[in-house]
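Peer 1: from the sequence below, what's the structure:
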Amino acid sequence: MLTKEMIFSCVLTDRQAALYYLGQVGFLIRWRNTTLLIDGYLTDYVDRHFASALVPWHRRYPAPIAPEALDFVDAVLCTHDHSDHTDPDTIRGILSVNAHARFFGTPAVAEKLRDIGVSDDRIVPMSNDACVTLPDGISVQNVPSAHEELHPDENGNYREGGFRITLGDGTDAITLYHAGDCCPYDGLEERVMHTDIMILPVNGRDYYRRREQDIIGNFDEKEAILLADRCRADWLIPVHIDLYDINARNPAVFVDMLEQLNPTQKFRLPRPGECMIYCK
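Peer 2: The predicted structure is shown next:
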């Protein structure tokens, strides 16, 4: 299990970012004196509330850190309102120990956060392509995501979004794109061009999984590899493949496809709790 002490015992320079993989698509990101949590799913909420004989949701491994250990997190970023991305029990656990973190997401996410119990003064709704500035030279931009399709609300804001995060400024700035749940769509490449680190869900999609189990899909391996190549990403991190058997993919498929399409692409296949350090 990760602990706060373990996380902060990793000493970073002002040019290094630490990424801790939390499972599914979740990450903790440390940059200078600021810590971000993206799509932290740290409980078995989905198993308890959505499992059925037809769709047997069951976590393959426990979360590497408890929500109640996250008193140090400064910003909680949620890509969309599905419970493995905006987990009510994870959010409540954070609220029980953390009085300063702010919560960021699409207007649909903001609505869910209010229902969970987050006060309005701590929620930052982000409309299409909106950008906010955080301490330590961090900027966070909302990038619309197509969870198979783009889903606009009544005001034209898409319900699902990813985040393009810039850490620092100048030529040493690190850029990171976390897609949440997403498929390729017209205009995505332009939004995430020249990104150093791409975190993309590669569990794919298919007609029968959607029709019979109501599981909405994401990139497949080829689409993710091509996007990373066309946008000149340095690292490609495939996610959304290891937590639930019914919605998983063998990572060997990703590696084999990478060898065929772009054998020079750098990639990481993180294990839960693993720390990756990036520096330009």
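
Peer 1: do you have the helices of the protein handy? List them.
Peer 2: Using DSSP state H, the helices of the chain run over residues 4-8, 45-50, 88-97, 107-116, 188-191, 207-213, 221-230, 251-261.

Peer 1: what packs against the shortest one?
Peer 2: Translated: helix 188-191. Using 3 or more Cβ pairs under 8 Å, 6 or more residues apart in numbering; DSSP states H and E, the elements in contact with helix 188-191 are strand 138-144, helix 221-230. From N, CA and C alone the C-beta is placed, and that goes for glycine too.

Peer 1: and if we set it to 10 Å?
Peer 2: Other helices and strands packing on helix 188-191, by 3 or more Cβ pairs under 10 Å, 6 or more residues apart in numbering; DSSP states H and E, are strand 138-144, strand 161-167, helix 221-230.

Peer 1: contacting residues around residue 170?
Peer 2: residue 137 (Cβ atoms under 10 Å, 6 or more residues apart in numbering).

Peer 1: and if we set it to 7 Å?
Peer 2: For residue 170, the contact set (Cβ atoms under 7 Å, 6 or more residues apart in numbering) is empty.

Peer 1: would you agree residue 222 is in contact with residue 254?
Peer 2: No - assessed by Cβ atoms under 7 Å, residue 222 is found out of contact with residue 254, at 9.6 Å.

Peer 1: more neighbours: which of the two?
Peer 2: residue 254 (21 against 16; other Cβ atoms under 10 Å).

Peer 1: any idea of the pLDDT on the more buried one?
Peer 2: For residue 254, the model assigns a pLDDT of 98.

Peer 1: wait, isn't it in contact with residue 221?
Peer 2: Yes - counting by Cβ under 7 Å, residue 221 is a contact partner of residue 254 at 4.6 Å.

Peer 1: overlap in contacts of the two?
Peer 2: residue 202.

Peer 1: residue 79: neighbour count?
Peer 2: Residue 79, neighbours per other Cβ under 10 Å, totals 28.

Peer 1: typo on my end, residue 153
Peer 2: 12.

Peer 1: what distance do you get for it to residue 112?
Peer 2: Applying Cβ to Cβ, to the nearest Å, the value for residue 153 to residue 112 is 13 Å.

Peer 1: do residue 54 as well
Peer 2: Relative to residue 112, and taking Cβ to Cβ, residue 54 is found at 25 Å.

Peer 1: ok, those two, which is more surrounded?
Peer 2: Remark: of residue 54 and residue 112, residue 112 carries more neighbours, 20 against 9, as counted by other Cβ under 10 Å.

Peer 1: that one contacts residue 82, correct?
Peer 2: No - taking contacts as Cβ under 7 Å, residue 112 lies outside contact range of residue 82: 9.3 Å.

Peer 1: the protein: strands as residue ranges?
Peer 2: Assigned by DSSP state E, the chain shows strands spanning 16-23, 26-31, 34-38, 75-77, 102-105, 123-125, 131-134, 138-144, 161-167, 174-178, 197-201, 235-239, 266-267, 275-279.

Peer 1: and the contacts of the first one?
Peer 2: This means strand 16-23. With Cβ under 7 Å, 6+ apart as the criterion, strand 16-23 contacts 2, 7, 10, 12, 27-31, 40-42, 61, 63-65, 167, 174, 243, 270-279.

Peer 1: now do it: distance to the chain's middle.
Peer 2: 11 Å (Cα atoms, centre = their mean, to the nearest Å).

Peer 1: can you check stretch 170-178 too?
Peer 2: 16 Å.

Peer 1: where does the residue of the chain most remote from its centre land on pLDDT?
Peer 2: The C-alpha centroid of the chain is most remote from residue 53, which lies 28.2 Å away (Cα atoms, centre = their mean). Note on residue 53: pLDDT of 92.

Peer 1: how near is it to residue 238?
Peer 2: For residue 53, the distance to residue 238 - Cβ to Cβ - is 30 Å.

Peer 1: and residue 216, by the same measure?
Peer 2: 18 Å.

Peer 1: neighbour count: these two, which is higher?
Peer 2: Per other Cβ under 10 Å, whichever of residue 216 and residue 238 has more neighbours is residue 238, with 28 against 17.

Peer 1: need the contact list for the more buried one.
Peer 2: 200, 202, 224, 251, 254, 269 are the contacts of residue 238 under Cβ under 7 Å, 6+ apart.
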